[in-house]
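[1] Below is the structure, and that's it, no one-letter string:
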């Protein structure tokens, strides 16, 4: 039996098509995935992302512990509320999960991790805690829900619905958060648009959702979330990288701090495992199908593979993220095996779309 | 569920209608389009192709997934619907108004092997 978020009944009443995602019963769409996608690019959409898990890391050694546990360096977080994207690595340099870490105080950080990996992550963090010896407390906050409001009008929509959030969130820089009583408002998201992610007690989720919908935000499912994140060039854990994938082969070198000598877990393995692929975008040139995960790519003499592919509603053609042979450059034309055909695609540097506009 | 009484159906979610000239037009059911979601690509079979029952003859792709569609009975393809290939979203708007291909059956009696509306509705419901 998949788990239900506090908004499950609301989704079902709204006629959502539901699917098991990471062990959770979640909405894929409420009628049209494409219309939901456009609502986020043009106006505002609201997503239930309560399946993601909030994990608080607390204690005098919290910062030092996370400097050991995460591939990105939380020493860069000096302003309270500031967030950082990072991978959690295993002993082969593979990715256990990707997450966002928020800095509140030197003795309090908050992680937001993926649904399907949450239990593994928590166990992994406990093992690293034992290893590092800082004695931090690691607290999964299952009593919290997450609602994302995204799009050019997303911030105004939140303020219209809940004017009391405006003073605390109006000045928020991108990738930072403010705590207001028992809710947290973060200027983050997974769509390539402006907006907020709101972390709240489970019992407040329904009123926040209904307030945002009444203020004009369109309910959006995981389907639109996937096409939006792909256009925005953002990786999806389990698809674009997993425990066998080095972050360097998944386009995440920018999140791995190898410049300073900081000894984080997985670093040695990464240093002994040179980058094997270039992780880039593809834009389909030919007609004849849609780029999808696992399709093989011929690039020069080498071979690559698509890790995520879809039809881009914003661009009107198919796009993908792919692991390509080292040295493949944006602008190159490659051949993708789509069923019984080979279709030409152009290599591009992601993202494809930001703030409603094509970057191609 | 939208399952017109006057059509025949397959277990693989095609609908089949016999035309006055004895040919068959075939599309995917409303249930199938709803499962797949927003259509973005349709590939139809070429005229003249001999097909066996259950043979994959074309592909519909939604934003979410690709799905083959199949010949309901043995016969020969007469035409693919080029109009739908150019505007795949029409399948979402009117699944029974959008045939995907037209075919000539080898044997009209083979139509009796297909499901009626009640049987299809029961199958699609499970």
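    Everything's here; your move. No experiment lies behind these values; they were computed from the predicted model shown.
[2] Which helix or strand contains residue A:102?
    strand A:95-105 (DSSP states H and E).
[3] ok, which stretches of the chain are helices?
    In the absence of a named chain, this looks at chain A. A:8-13, A:33-42, A:62-69, A:118-132, A:154-161, A:166-169, A:205-214, A:222-231, A:267-271 (DSSP state H).
[4] Chain B was what I was after
    According to DSSP H, the helices that chain B contains are B:30-36, B:82-86, B:89-93, B:117-125.
[5] Using a markdown table, please lay out those together with mean pLDDT, mean neighbour count and distance to chain A.
    Using the backbone N, CA and C atoms, a C-beta is placed for each residue, glycine as well. A markdown table is the format used below for these (pLDDT from 0 to 100; neighbours: other CB atoms under 10 Å in any protein chain shown; distance: least, CB to the nearest CB, whole Å):
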| stretch | mean pLDDT | mean neighbour count | distance to chain A |
| --- | --- | --- | --- |
| helix B:30-36 | 94 | 19 | 8 |
| helix B:82-86 | 92 | 13 | 9 |
| helix B:89-93 | 95 | 17 | 8 |
| helix B:117-125 | 94 | 15 | 15 |
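[6] where does the closest residue to residue A:88 other than its chain neighbours land on pLDDT?
    Spatial nearest neighbour of residue A:88, chain neighbours left out: residue A:96 (4.4 Å); criterion: CB to CB, 6 or more residues apart in numbering or on different chains. Model confidence at residue A:96, given as pLDDT, is 98.
[7] Contact partners for residue A:96?
    Going by CB atoms under 8 Å, 6 or more residues apart in numbering or on different chains, residue A:96 touches A:87, A:88, A:89, A:90, A:117, A:120, A:121, A:124, A:243.
[8] separation between it and residue A:271?
    The gap separating residue A:96 from residue A:271 is 18 Å, by CB to CB, to the nearest Å.
[9] again with residue A:287
    Computed as CB to CB, the residue A:287 to residue A:271 distance reads 45 Å.
[10] and what of residue A:344?
    To residue A:271, residue A:344 is 37 Å away according to CB to CB.
[11] where does chain B come near chain A, residue by residue?
    B:37, B:38, B:40, B:41, B:43, B:59, B:61, B:63, B:64, B:66, B:92 (CB under 8 Å from any CB of the partner chain).
[12] and which of the residues you listed is nearest residue B:14?
    Closest approach between these and residue B:14, by CB to CB: residue B:59, at 13.1 Å.
[13] show me the residues around the closest one that make contact.
    Contacts of residue B:59 (CB under 8 Å, 6+ apart): A:289, A:339, B:41, B:42, B:43, B:66, B:67, B:68, B:69.
[14] same thing with residue A:344?
    Applying CB under 8 Å, 6+ apart, we find residue A:344 in contact with A:284, A:285, A:286, A:333, A:334, A:335, A:336.
[15] now the residue nearest to it when sequence neighbours are not counted: how far from chain B?
    Once flanking residues are discounted, residue A:344 sits nearest to residue A:285: 4.5 Å by CB to CB, 6+ apart. Look at residue A:285 and chain B: by CB to the nearest CB, to the nearest Å, they are 15 Å apart.
[16] tell me the contacts of residue A:285?
    So residue A:285 contacts A:333, A:343, A:344, A:345, A:346 (CB under 8 Å, 6+ apart).
[17] Tell me which residues of stretch A:349-360 come out buried.
    A:350, A:351, A:352, A:353, A:356, A:359 (16 or more other CB atoms under 10 Å in any protein chain shown).
[18] Filter those down to the ones in strands?
    residue A:353 (DSSP state E).
[19] Now the two most distant members of the buried residues of stretch A:349-360.
    Checking these with CB to CB, the most distant pair is A:350 and A:356, at 16.4 Å.
[20] The residue most central in space within chain B - nearest residue in space that isn't next to it in sequence?
    Per CA atoms, centre = their mean, the C-alpha nearest to the average position across chain B is that of residue B:27, at 2.5 Å. Closest residue to residue B:27 apart from its sequence neighbours, by CB to CB, 6+ apart: residue B:99 at 4.7 Å.
[21] Just give me the neighbour total for the closest residue to residue B:32 other than its chain neighbours.
    Once flanking residues are discounted, residue B:32 sits nearest to residue B:13: 3.8 Å by CB to CB, 6+ apart. Per other CB atoms under 10 Å in any protein chain shown, the neighbour tally for residue B:13 reads 22.
[22] ditto for residue A:130
    Counted with other CB under 10 Å, residues neighbouring residue A:130 total 9.
[23] any idea how far chain B is from it?
    On the measure of CB to the nearest CB, residue A:130 and chain B end up 42 Å apart.
[24] right, and the helices of chain B - which one's nearest residue A:43?
    Minimum separation from residue A:43 across the helices of chain B (CB to CB) falls at helix B:89-93, 20.7 Å.
[25] Please name every helix or strand in contact with that closest one.
    Counting by 3 or more CB pairs under 8 Å, 6 or more residues apart in numbering or on different chains; DSSP states H and E, the packing neighbours recorded for helix B:89-93 are strand B:39-43, helix B:82-86.
[26] From the chain's centroid, how far away is it?
    With CA atoms, centre = their mean, to the nearest Å as the basis, helix B:89-93 stands 13 Å off its chain's centre.
[27] In ChimeraX, how would I select the buried members of the contacts of residue A:285?
    Selecting the buried subset of the contacts of residue A:285 in ChimeraX, with 16+ other CB under 10 Å as the burial test, is done by:
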select /A:343,345
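[28] Sort out for me which of the contacts of residue A:285 are in strands.
    Members of those lying in strands (criterion: DSSP E): A:333, A:343, A:344, A:345, A:346.
[29] in the sheet, who's paired with the last one?
    Read that as residue A:346. Note on residue A:346: beta-bridge partners by DSSP bridges are residue A:283, residue A:333.
[30] ok and the strand holding residue A:102 relative to helix A:118-132, angle-wise?
    Using axes from the mean of the first three to the mean of the last three CA atoms, to 10 degrees, the direction of strand A:95-105 lies 70 degrees away from that of helix A:118-132.
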